[in-house]
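In: Below are the sequence and a predicted model; questions follow.
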Amino acid sequence: MINQVVLVGRLTRDPELRKTNSGMAVASFSIAIDNRTKNPDGTRGTTFLNCSVFGAQAENVVKFTRKGSLVGVEGSLNQRNFTRSDGSKGSVIEVIADRVAFLEPKSSDKNVADGVTFDDTPAPQENGKNLDSLDLPDDDLPF
């Protein structure tokens, strides 16, 4: 059986870090994913999914993301059954993430991430020459 999901969405809350009994880090967060189809009133619905990630990735998620961050999540679906305090049974479906990708810079400024400024201006051309190609004789190529 195949149980693999790939999702892109925004965090609905800051991720929470906790430790398992064995000391492994676990980050819990939820993401909002826009549905592809529209509701009868013409608006797009949103699906909210709880996610968990383990180990060093959990620590990175807590360190580098916050509510509203755009992330890509790759993992599998897991269904948990539980009993509520009133005795009724319930279940929840969550994503156990294998990978979480940060899809935007940490800073809200698109040209600044972790204190590094990204310059969107193209590289200068010298005397109209294209610097992307090299003029080498075939005898100088290593292959």
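Out: Alright, I've got the coordinates. Just so it is clear, the structure is predicted and the values come from calculations on it, not from any experiment.
In: Give me the nearest residue to the residue most central in space within the chain, chain neighbours excluded.
Out: Geometric centre of the chain, nearest residue: residue 71, 2.4 Å, by Cα atoms, centre = their mean. Using Cβ to Cβ, 6 or more residues apart in numbering and skipping the chain neighbours, the partner closest in space to residue 71 is residue 100 (5.6 Å). For every residue, glycine as well, the C-beta is placed using N, CA and C.
In: tell me which element residue 62 is part of?
Out: helix 56-64 (DSSP states H and E).
In: picking that back up, what about the residue nearest to the centre of the chain, distance to residue 7?
Out: Residue 71 is 9 Å from residue 7, where distance means Cβ to Cβ, to the nearest Å.
In: what sits in contact with each of the two?
Out: By Cβ atoms under 8 Å, 6 or more residues apart in numbering, residue 71 and residue 7 have these common neighbours: residue 31.
In: Assumed residue 104 was part of a strand.
Out: No - counting by DSSP: H, G, I helix; E, B strand; the rest coil, residue 104 is located in no strand; its state is coil.
In: so how far is residue 73 from it?
Out: 14 Å.
In: Contacts only, for residue 99.
Out: Here residue 99 is in contact with 57, 72-75 (criterion: Cβ under 8 Å, 6+ apart).
In: Kindly indicate the member of the residues you listed with the most neighbours.
Out: The residue in those with the most neighbours, by other Cβ atoms under 10 Å, is residue 73 (23 neighbours).
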